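1. Return atomic coordinates for the entry below.
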Amino acid sequence: MTTQTYAAVPTEFITAENGITYAYRRLGAKQEVPIIYFGHLASNLDNADPRVMDGMATQHEIISFDYRGVGATSGDDAASIADMAKDSLAFIKALGYNKVDIMAFSMGGFITQELMALEPTLVRKLVLAGTGPRGGEGVSDVVGLTYIDMAKALFTFVDPKYYLFFTSTDNGKQAAHAFLDRLKERTEDRDIEVKFKTLQAQLHAIRDWGHEPPADLSGFDLPVFIINGDHDRMVPTPNSYELAKRFPNAQLHIYEDAGHGGVFQFHDDFVKRSLAFYAA
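-> Numbers count the residues shown, from 1 in each chain. Have a look, this model is predicted:
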């Protein structure tokens, strides 16, 4: 069992065949098949929830990374979700893996679906949190919602994730504060802040992906665990039910009184369920 924590693990770098130098953090004992963590819109390495990363590292090697042009990773911002998938595949190949497990949140789930289309045998087991299928209900609406909640956050002096990820109930507000405090636990070797142009590029990519024709996921028979809150405004919760229908070997869990960041609100339970899923 690892004694290191995500808040203290060093940032590493590797250059892939596409010429991009990726920043990443690796936690947990080295294993033949690691978990690759795919983060959300406008996220860098510091946005992975330390409680989730530490919990998963008790039994797995888990690796987070910055997408191209994000944080300390080099290059320009990717213009599409498909391009992000190509970049992510280059990163995984640079690490030397031909088989991985994946844990993906929000936009990370979009990227993962395109990645599987590129390399159908790459992923062994998949956790999809707060995400939906290509062309899913309300996916393209995230652009307007994000800017509205960013403006609200600006005038109320909070992180936009306070509004975007959590409900306005007392439970949601309490979970939001706790989550945002956890993201500040790392005090040294923090990542480079995500630029506004990166947010714009990723929002445009999501908008376009949301308008694309639905993907046929019926050919992917790997085990998939889909999880979300019952009041997700960013990727509306019906998309989780839709994903569970499209993947032939999927299981689904929905948290009550929880939003887009339901897995962070119930992080202990999420870790417990994910560990059981990967162990099965």
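
2. where do the helices sit along the stretch 51-200 of the chain?
-> 81-95, 107-118, 142-156, 161-164, 170-182, 196-211 (DSSP state H, counting those that start in this stretch).

3. measure the closest residue to Ala78 other than its chain neighbours to Thr198 for me?
-> Closest residue in space to Ala78, ignoring its immediate chain neighbours: Met84 at 4.5 Å, by CB to CB, 6 or more residues apart in numbering. Any C-beta I mention is one placed from the backbone N, CA and C, and that applies to glycine too. Met84 is 11 Å from Thr198, where distance means CB to CB, to the nearest Å.

4. Among the two, which residue is more densely surrounded?
-> Met84 (28 against 22; other CB atoms under 10 Å).

5. hang on, that one packs against Asp77?
-> No. Assessed by CB atoms under 8 Å, Met84 is found out of contact with Asp77, at 9.3 Å.

6. Please enumerate the strands of this structure.
-> 12-15, 21-27, 35-38, 62-65, 100-105, 123-129, 224-229, 250-255 (DSSP state E).

7. Out of these, flag the one nearest Arg190.
-> strand 21-27 (11.4 Å; CB to CB).

8. Gly109 is in contact with Gly136, isn't it?
-> No. The pair Gly109 / Gly136 is not scored as a contact, 10.2 Å apart, by CB under 8 Å.

9. Settle it for me: which of the two has more neighbours?
-> Using other CB under 10 Å, the more surrounded residue of Gly109 and Gly136 is Gly109, with 26 against 22.

10. any idea how far Leu45 is from that one?
-> 18 Å.

11. Tally up the residues packed near Val158, please.
-> Val158 sits with 15 neighbouring residues when counted by other CB under 10 Å.

12. Contact partners for it?
-> Neighbouring residues of Val158 by CB atoms under 8 Å, 6 or more residues apart in numbering: Leu180.

13. related to what we said a few turns ago, comparing the helices of the stretch 51-200 of the chain by mean pLDDT, which bottoms out?
-> Of all those, helix 142-156 carries the lowest average pLDDT, namely a mean of 93.

14. Quick check: closest non-adjacent residue to Tyr241.
-> Per CB to CB, 6+ apart, closest to Tyr241 is Leu252, 6.9 Å.

15. what pairs with the one you found across the strands?
-> Ile226 (DSSP bridges).

16. all numbers from here: first residue = 40
-> Done: numbering now begins at 40, and the last item shifts to Leu291.

17. any idea how far the residue lying closest to Thr226 once chain neighbours are set aside is from Arg90?
-> Take Thr226 and drop its neighbours on the chain: the residue closest to it by CB to CB, 6+ apart is Ala46, 7.9 Å away. If you measure Ala46 against Arg90 using CB to CB, the figure is 10 Å.

18. which residues does Asp115 contact?
-> 107-108.

19. Please repeat the previous calculation with a cut-off of 7 Å.
-> Gly108 (CB atoms under 7 Å, 6 or more residues apart in numbering).

20. pLDDT wise, what is it at?
-> 97.

21. Ramachandran angles for it?
-> phi -90, psi 160 (degrees, to the nearest 10).

22. Can you give me the distance of it to Gly301?
-> 33 Å.

23. quick one: Asp188 and Tyr202 touch, right?
-> Yes. Using CB atoms under 7 Å, Asp188 is in contact with Tyr202, at 4.2 Å.
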